[in-house]
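*Asks:* build the 3D model from these lines:
(one chain, ligands or ions: 2)
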Amino acid sequence: MTTPQKHSPNDPILLTSSLHVDEARKAIAQLVDDLISESRLRNDLGDVQTVTLDQAINRILAEDLLSPIDVPAADNSAMDGFAFNSDCLGNEDKPVTLKIVGTAYAGKPYEGRVGKGECLKIMTGALMPQDCDTVIPQEFTEQADPANNLLVTFKQNQVKRGENRRLRGEDLQSGKAAIHAGRLLRPSDLGLAASLGVGILKVHRKLKVAILSSGDELRPLGQDLDAGSIYDSNRYSLIGLLNRLDLEIIDCGIVRDDPASLKSAFIAAAEKADVLISSGGVSVGEADFTKQIMQELGDVGFWKIAMRPGRPMAFGVLKPTHSSNHKTLFFGLPGNPVAVMVTFYQFVRSALLQLNGASQTEPCLTQAIAQAPIRKKPGRTEFQRAIMERGSDGKPTVKITGSQGAGILRSMSEANCFVILYHDQGNIATGDWVDVALFDGLL
Ligand code: AMP
Ligand code: MG
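*Replies:* Ligands and ions are numbered 1, 2, ... in the order given. Next comes the predicted model:
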């Protein structure tokens, strides 16, 4: 096995004029891995908190959850029907008639015995009586004496020995892991923990993520726009994106494009946070200026990534104070509003999950059929905003939403997915299958 090559953000390989998206992702994952193993982030990322189930959604499980019980805790019926002892079954196609001696409900077991030639009416989830090993579902039976309802009859070949019975410990044995560490807890996990009688889970502490917007043209909401200024929208998209991951957000507001303000804002934000995400100020015109500041604060590379949107991006670590060994992971995202969301999806989201101990960091992809041709140049990865829906033939189809400019947030707002067109892919024809990342559960 070959060991993966190590890259620092300033590695010449990563500073080529067009860095492959996969190469950038690899370098990010590697640096995050290094940070975790160094454990240099403030407040020690390994910190574990205990939370009650109602607080646990979207947190990341820190230790395997071992089941304290067998599931199911006892043999029980998987169907509504009649429980009986399979000794009465032969190979013939002959009907069997059994006498009904009682009824067992879920939560209300039958206490008596079930003898030879007898059976028990049983509901789904009800405990199997000790004398019985098989359940014949209700729909395969007939009443043999409709007047009294005391005899039931069925064909022997409708059921085999042991069928329709759930065995104790069949789903999970006591002491075995029900949920593994690193799990991003979903509703079903909370239900699963509760079904085991577990009301408290150990989770990793929330990551502290600082965000800031940089640009002289940016104005906060509530202020009038003067000539050439625009509202700062990126912070709100980022707050929305981060809230989906249940993190602690430190909003550091808008910072002007002057070296002193930028430097002090970066230091203040980095000192408080595990991760700093800024937007703006990394495009060709401004990168040199930001670069100078970053050189003083840490090890940050300025990348030109072969992707659209989102070409320029800065990435690395900040060491805001020389005295401590606190390191802050830094993402300098491009300023264009759509590029912010795309680079977050492609690079930041998985890094945050990885840093917080999640084992599954990649979103699920699906595929759909292009409803119309899509223009695409080989040599870069594209994330086109699109609407995925079910076509008239029932197959999933996808259609690009209007203009794809990196500044047009409406294309994102109207879309429900990205169509991902990979580095080497060229034009897409109507009817081609393309990869799709749905926003639901992702952004
Ligand atoms: P920059 O990367 O700073 O060159 O910005 C690229 C484009 O994105 C420019 O048109 C900026 O005005 C715009 N932009 C930068 N930051 C923001 C922001 N926080 N909200 C909205 N637009 C922004
Ligand atoms: Mg700018």
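*Asks:* who's in contact with the closest residue to ligand 1 within the stretch 301-443 of the chain?
*Replies:* Proximity of the stretch 301-443 of the chain to ligand 1 (C-beta to the nearest ligand atom) peaks at G335, 2.3 Å away. (C-beta placed from N, C-alpha, C; glycine too.) By C-beta atoms under 8 Å, 6 or more residues apart in numbering, the contact set of G335 is 214-215, 234, 279-283.
*Asks:* quick one, phi psi at V21?
*Replies:* The phi and psi values for V21, taken as degrees, to the nearest 10, are phi -50, psi -40.
*Asks:* and what of the one 5 residues further on?
*Replies:* Summarising the backbone geometry of K26 under the convention degrees, to the nearest 10, its torsions are phi -60, psi -40.
*Asks:* and what of the one 5 residues further on?
*Replies:* Taking degrees, to the nearest 10, you get phi -60, psi -40 for the backbone angles of L31.
*Asks:* correct me, but it touches K327?
*Replies:* No. Applying C-beta atoms under 8 Å as the test, L31 and K327 come out as separate, 9.9 Å apart.
*Asks:* just give me the residues shared between the contact sets of the two.
*Replies:* Jointly contacting L31 and K327 under the rule C-beta under 8 Å, 6+ apart are V317.
*Asks:* narrow the contacts of G335 to those in strands?
*Replies:* In this view, the contacts of G335 that belong to strands under DSSP state E are 214, 279.
*Asks:* out of the contacts of G335, which touch ligand 1?
*Replies:* With C-beta under 6 Å from any ligand atom as the criterion, the contacts of G335 include 215, 234, 279-283 near ligand 1.
*Asks:* among the residues you listed, which two are most distant?
*Replies:* Spanning the widest gap among the ones next to ligand 1 among the contacts of G335 are N234 and S283, at 13.6 Å by C-beta to C-beta.
*Asks:* between these two, which has more neighbouring residues?
*Replies:* N234 (29 against 17; other C-beta atoms under 10 Å).
*Asks:* ok, the more buried one - contacts?
*Replies:* Residues in contact with N234 (C-beta under 8 Å, 6+ apart) are 213, 279-280, 333, 335, 337, 340.
*Asks:* cutoff 7 Å now
*Replies:* Residues in contact with N234, defined by C-beta atoms under 7 Å, 6 or more residues apart in numbering, are 213, 279, 337, 340.
*Asks:* Q138 too?
*Replies:* If you count contacts by C-beta under 7 Å, 6+ apart, Q138 has them with 80-81.
*Asks:* give me the pLDDT value at it.
*Replies:* Looking at Q138, its pLDDT reads 96.
*Asks:* try the one 3 residues further on
*Replies:* The per-residue pLDDT reported for T141 equals 96.
*Asks:* and the closest residue to it other than its chain neighbours, what are its bridge partners?
*Replies:* Closest residue to T141 apart from its sequence neighbours, by C-beta to C-beta, 6 or more residues apart in numbering: F154 at 4.5 Å. Beta-bridge pairing of F154 under DSSP bridges involves V96, T141.
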